[in-house]
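>>> sequence plus predicted model, see below.
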Amino acid sequence: MMHTNHSSSDQSDTTDTARIARAEASVHVFTELMPDAFEQSAGRDGPLKDKVLSVKDLFDLTGKITRAGSPILEETRPASKDAIAVERLRAAGARLIGRTTMTELAYSGLGLNPHDGTPDNPLFPNHIPGGSTSGGAVSIATNLADIALGSDTGGSLRIPAAFCGLVGFKPTQSSVPLTGAIPLSDSLDSVGPIARDVATCAAAWQVMAGLPVTDLPQKRPELVVPINFGLTDLDPAVASSFSALREELIAAGWKIREASLPVLDTYGTLPVWQFSAFESLRRFKDKLVTHGSKMDPRVRQRMERGTEISEAEFASTLTQRAELIAAFRTEIGDALVLLPTVAIKPPHFDDVATDEGFSRLNLLALRNTSLANVMDGCSVSLPFGQGDALIGAMLTSFNGQDEVVLSAALAMESDLAND
């Protein structure tokens, strides 16, 4: 049930020229292609030798202006060096092909960008790819790249991975330096990869975290499905597939228990929206004043909500978050939380055309994934099912448990592929 239908056209990309030509023909996937850098990097030794790398538009690249998908940053100075994550991936042999489209300033889970355009979902034509790492996910799903470097503030790696049938990994925030990446929320931002399989995500994370690249073992820890979070308002197809997922895992020998976790009831009282609104406004306030009219109105409006929050209120929110982080670690223990990555299927473009539809679906898209960001944890989304039954299966734990989560994901990937 693991299998998803990706384009097989990568098999025909026997030359760099062919791959670049296909990338040039793609629509709204890249904001900039770098054929010279791509061709010159062939054959460099390293654990990621010849893996094709796409980079979200919010990471610094030497000599380039970092726009983060926004016209308000078009006049900033070119970067003097690569972001640390980019530098480490390239040093490990990854070959940079180009920069990918994203939601403006990474501020939504749906992936829309009115300035650069929004790529179509390769698996569900005329449906959104998810965001904010929209172009990155599509670059993997169409086999234009092997590793997409992205960011995840509330689900921006895992949502597009789920919508496009891929693996997305949000690491522990502190494990990968954010230096050289345009922040949205200093509290919640994480840097991580999207790929077609868990092993590639694991290797990319190890490289970005400055760790030796080693094969992780397959492990099957206990899974807990929280009955008081993440399971309401599910699309019927998501609910059905998640039920099938649980049955297949139990048949493969996994122990899954249901539990009501008190920390998740408290989590429901936390104003999660404050993190991105308050922290992005603090960073971009001057730009908002001078260039706000150029922004995607939906992004601007959410950022402007930061004016409603006092310093004292935000300090209180940070304190409440710290208490939740401690409680989360205690309550889940050695288990991993299992949930559908996203409550909904990829919306049709028409469904997000109105502000009401956009807001409602954006909140639902981000609901389950945001948990890991607020809890300062780590989380991976795996594809499960085929066609209309495709969903993301998400494993989440507390900070520092990256290898545990990835080892479980490797086992799950194996079990679901061999059912």
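Sure thing, it's come through. Numbers count the residues shown, from 1 in each chain.

>>> what about the helices in the stretch 251-400 of the chain?
Along the stretch 251-400 of the chain, counting by DSSP state H, counting those that start in this stretch, helices occupy 262-267, 273-291, 297-304, 311-332, 355-374.

>>> sorry, wrong one. I was asking about the stretch 101-250 of the chain.
Under DSSP H, counting those that start in this stretch, the stretch 101-250 of the chain gives helices at 134-141, 158-163, 198-208, 236-251.

>>> before we move on, the earlier item: comparing the helices of the stretch 251-400 of the chain, which comes out most buried?
Of all these, helix 355-374 carries the top mean neighbour count, a mean of 21, counting by mean count of other C-beta atoms under 10 Å. Every residue, glycine included, has its C-beta placed from N, CA and C.

>>> chain center to that one: distance?
Offset of helix 355-374 from its chain centre (C-alpha atoms, centre = their mean, to the nearest Å): 13 Å.

>>> so what's the closest residue to residue 337 other than its chain neighbours up against?
The spatially closest residue to residue 337, leaving aside those adjacent along the chain, is residue 396, at 4.3 Å (C-beta to C-beta, 6 or more residues apart in numbering). Listed by C-beta atoms under 8 Å, 6 or more residues apart in numbering, the contact set of residue 396 reads 336, 337, 339, 371, 372, 375, 377, 378, 379, 405.

>>> now swap in residue 275 and tell me
153, 185, 187, 188, 317, 374 are the contacts of residue 275 under C-beta under 8 Å, 6+ apart.

>>> residue 53 now?
Residue 53 neighbours (C-beta under 8 Å, 6+ apart): 89, 90, 94, 95, 96, 97, 145, 146, 147, 148, 149.

>>> do the same with residue 234
Counting by C-beta under 8 Å, 6+ apart, residue 234 makes contact with 242, 340, 343, 344.

>>> from residue 262, how far out is the last one?
Spatial separation of residue 344 from residue 262 under the definition C-beta to C-beta, to the nearest Å is 27 Å.

>>> wait, residue 407 touches residue 217, no?
Yes: using C-beta atoms under 8 Å, residue 407 makes contact with residue 217 at a distance of 5.5 Å.

>>> which one's more surrounded, the two?
residue 407 (19 against 10; other C-beta atoms under 10 Å).

>>> gap between that one and residue 378?
Taking C-beta to C-beta, one finds residue 407 at 12 Å from residue 378.

>>> strands along the chain, start to end?
30-33, 52-56, 95-100, 147-152, 167-170, 190-195, 223-226, 256-259, 336-340, 378-384, 391-397 (DSSP state E).

>>> got a list of what the residue sitting nearest the centre point of the chain touches?
In the chain, the residue lying closest to the centroid (C-alpha atoms, centre = their mean) is residue 157, at 0.6 Å. By C-beta under 8 Å, 6+ apart, the contact set of residue 157 is 133, 150, 151, 168, 169, 170, 190, 192, 193, 194, 381.

>>> re earlier: deepest of the helices of the stretch 101-250 of the chain, which one?
Ranked by mean neighbours (mean count of other C-beta under 10 Å), these are led by helix 158-163, with a mean of 36.

>>> so which elements touch that helix?
Contacting helix 158-163 under the criterion 3 or more C-beta pairs under 8 Å, 6 or more residues apart in numbering; DSSP states H and E are the following elements: helix 134-141, strand 167-170, helix 355-374, strand 378-384, strand 391-397.

>>> ok, residues contacting it?
109-111, 121, 123-124, 127-131, 133-134, 136-138, 152, 166-170, 194, 341-342, 346, 365-366, 369, 379-381, 383, 391-392, 394.

>>> one more time with 7 Å, if that's ok
Residues from elsewhere that reach helix 158-163 (C-beta atoms under 7 Å, 6 or more residues apart in numbering): 109, 111, 121, 129-131, 133-134, 137, 152, 167-168, 170, 194, 341-342, 346, 365, 369, 379, 381, 391-392, 394.

>>> cool, stretch 80-94 as well?
Here stretch 80-94 has contacts from 44-51, 53, 55, 59-62, 96, 147, 149, 176-177, 179-181, 191, 204, 207-208, 210, using C-beta under 7 Å, 6+ apart.

>>> buried among these? Need that as a selection in ChimeraX.
The following ChimeraX line selects those of the contacts of stretch 80-94 that are buried, judged by 16 or more other C-beta atoms under 10 Å:
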select :46,48,51,53,55,59,60,61,96,147,149,176,177,180,181,191,204,207,208
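
>>> about what we covered before: got the helices of the stretch 251-400 of the chain as a markdown table, with mean pLDDT columns?
Formatted as a markdown table, those follow (pLDDT from 0 to 100):
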| stretch | mean pLDDT |
| --- | --- |
| helix 262-267 | 98 |
| helix 273-291 | 96 |
| helix 297-304 | 97 |
| helix 311-332 | 98 |
| helix 355-374 | 98 |
